[in-house]
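Engineer: for reference, the sequence and a predicted model appear below.
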Amino acid sequence: MIYDFNDETFADQEDLELRLVYEYCDGDILELSEYMKKTIIKVESKSVSLDEFDGSGWYTDYPFEYQEIFRIQEIDDVTVKDKYLLMYTTEHPKYIPTGRILNLGEVQQYVEKLECDINEYMKEIEKLTIQS
């Protein structure tokens, strides 16, 4: 499963043409590289958004920045358990979406640092595991 950030949709990898060219941003310059290591992550389609409403808009930590948690099914075609993708997206034009792979304990520590309702978020995140 591949996520298209422009259309905000998921697609099956088998329906797409695959090219081994990777795009990344060092904070200033958008680069292309054929030598970067690739990791293919298959995630559940359902996620838990970490965004909070501040009275004028939804965001996580800073305005125009968003984070959500997906349960990972596979990493490089190997089935995994207790692994989650923390995906960061932003409306800032120079930055591309990034992510981190975490276990459930690390997810809980991360959510605690956000100083939001830990019980509410963890209950929803744990449902991602139960539904699989």
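Structural biologist: Structure received.
Engineer: how near is Ser45 to Glu115?
Structural biologist: Distance of Ser45 to Glu115, computed by C-beta to C-beta, to the nearest Å: 29 Å. In short, each C-beta sits where N, CA and C put it, glycine included.
Engineer: next, count neighbours for Glu65.
Structural biologist: Glu65 is flanked by 15 other residues according to other C-beta atoms under 10 Å.
Engineer: is it true that it touches Thr90?
Structural biologist: Yes - Glu65 lies in contact with Thr90 (C-beta atoms under 8 Å); the separation is 4.8 Å.
Engineer: wait, doesn't Glu44 sit right on Ile69?
Structural biologist: No - here Glu44 does not reach Ile69: they are 10.1 Å apart, not a contact under C-beta under 8 Å.
Engineer: the two: who's more crowded?
Structural biologist: Ile69 (21 against 16).
Engineer: for that one, phi and psi?
Structural biologist: When quoted as degrees, to the nearest 10, the phi and psi of Ile69 stand at phi -110, psi 130.
Engineer: which neighbours do Glu44 and Ile69 share?
Structural biologist: Common neighbours of Glu44 and Ile69, using C-beta atoms under 8 Å, 6 or more residues apart in numbering, are Leu128.
Engineer: which residues does Glu68 bridge with?
Structural biologist: Ser49, Met87 (DSSP bridges).
Engineer: report the contact partners of it.
Structural biologist: Each residue near Glu68 by C-beta under 8 Å, 6+ apart is listed here: 47-51, 86-87, 89.
Engineer: distance of it relative to Tyr121?
Structural biologist: Relative to Tyr121, and taking C-beta to C-beta, Glu68 is found at 11 Å.
Engineer: for Thr76, give me its contacts.
Structural biologist: For the record, residue 76 is Asp, not Thr. The contact partners of Asp76, by C-beta under 8 Å, 6+ apart, come to 39-40.
Engineer: measure it to Leu102 for me?
Structural biologist: Counting by C-beta to C-beta, the gap from Asp76 to Leu102 is 17 Å.
Engineer: next one: Glu65
Structural biologist: 18 Å.
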